[in-house]
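Engineer: fold the following.
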Amino acid sequence: MSNNKTVNNASFVPTLQVEASLFKQVLWYFTNILFFKNPLNPSSGLKKILLKLFGAKVGNGVVLKPAINIKFPWKLSIGDYSWIGENVWIDNLAKVSIGSNVCISQGAYLLTGNHNYKKTTFDLITAAINIEDGVWIGAKAIVCPGVTCKTHAILSVASIASKDLEPYSIYKGNPAIKINERIIG
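Structural biologist: A predicted model of the protein is given here:
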């Protein structure tokens, strides 16, 4: 039997724009392993200095816990007094903007890349993530490419945000749906 479907056999053409020299990428690769992914380095201050040296924008009072994984720091901005928990993975193939007073809890995953399943070459698709002021991303939660978490929204534990989160709202589930308003007293 034959399969009559047309198959796109074109070669995969990467569309990722790294925006850094190969030297910078290699230097960051080892810096990330030694100072960020390594759980034996608890110094948030040293990590902030290193992120800035590699082009990240990091505000005042930011806390960076151990075992964080960051793909490209030159595509990252973090506002004042935000907190990035243990084992957070910022897979920023595209820009990730984290506002002020944001909490990204342990094991959360900020995912900016995906693949085009309509092509046999699974071409890479990237889109920025924007996390506005006062947002809380719960432990083990996932924020998908192109999502904006609007001001003071909450994504609860292990939930997956595949669409924008409205301001002052609480989301839960896979895919995350709005379950309540966030009232700050």
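Engineer: run a quick neighbour tally on residue 142.
Structural biologist: 20 (other Cβ atoms under 10 Å). Quick note: C-beta positions are derived from backbone N, CA and C, even for glycine.
Engineer: so what's it up against?
Structural biologist: Residues near residue 142 by Cβ atoms under 8 Å, 6 or more residues apart in numbering: 108-109, 111, 159-161.
Engineer: do residue 107 as well
Structural biologist: Listed by Cβ under 8 Å, 6+ apart, the contact set of residue 107 reads 85-88, 139-140.
Engineer: ditto for residue 138
Structural biologist: For residue 138, the contacting residues are 105, 108, 154-159, by Cβ under 8 Å, 6+ apart.
Engineer: report the separation between it and residue 25.
Structural biologist: Taking Cβ to Cβ, to the nearest Å as the measure, residue 138 falls 31 Å from residue 25.
Engineer: hang on, the earlier thing: out of the contacts of residue 138, which end up buried?
Structural biologist: Applying 16 or more other Cβ atoms under 10 Å to the contacts of residue 138, the neighbour count classes 105, 108, 154-156, 158-159 as buried.
Engineer: relative to residue 134, which of the residues you listed is nearest.
Structural biologist: Taking Cβ to Cβ as the measure, residue 134 sits nearest to residue 154 out of the buried ones among the contacts of residue 138, at 9.4 Å.
Engineer: I'd guessed the closest one sits against residue 176; true?
Structural biologist: No. Residue 154 lies out of contact with residue 176 (Cβ atoms under 8 Å); the separation is 9.9 Å.
Engineer: got a list of what residue 77 touches?
Structural biologist: Contacts for residue 77 were tallied using Cβ under 8 Å, 6+ apart; they are 56-58, 95-98.
Engineer: that one in helix, strand or coil?
Structural biologist: Using DSSP: H, G, I helix; E, B strand; the rest coil, the structure places residue 77 in strand.
Engineer: can you tell me the helix or strand for the residue positioned nearest the centre of the chain?
Structural biologist: In the chain, the residue lying closest to the centroid (Cα atoms, centre = their mean) is residue 110, at 2.5 Å. Secondary structure from DSSP states H and E places residue 110 in strand 109-111.
Engineer: still on that earlier bit, which of the contacts of residue 107 has the largest number of neighbours?
Structural biologist: Counting neighbours by other Cβ under 10 Å, residue 88 leads the contacts of residue 107 with 23 neighbours.
Engineer: picking up where we left off before, pull the most distant pair out of the contacts of residue 107.
Structural biologist: Pairwise distances across the contacts of residue 107 peak at 11.4 Å for 86 and 140 (criterion: Cβ to Cβ).
Engineer: common neighbours of these two, please.
Structural biologist: Common neighbours of residue 86 and residue 140 (Cβ under 8 Å, 6+ apart) are 106-107.
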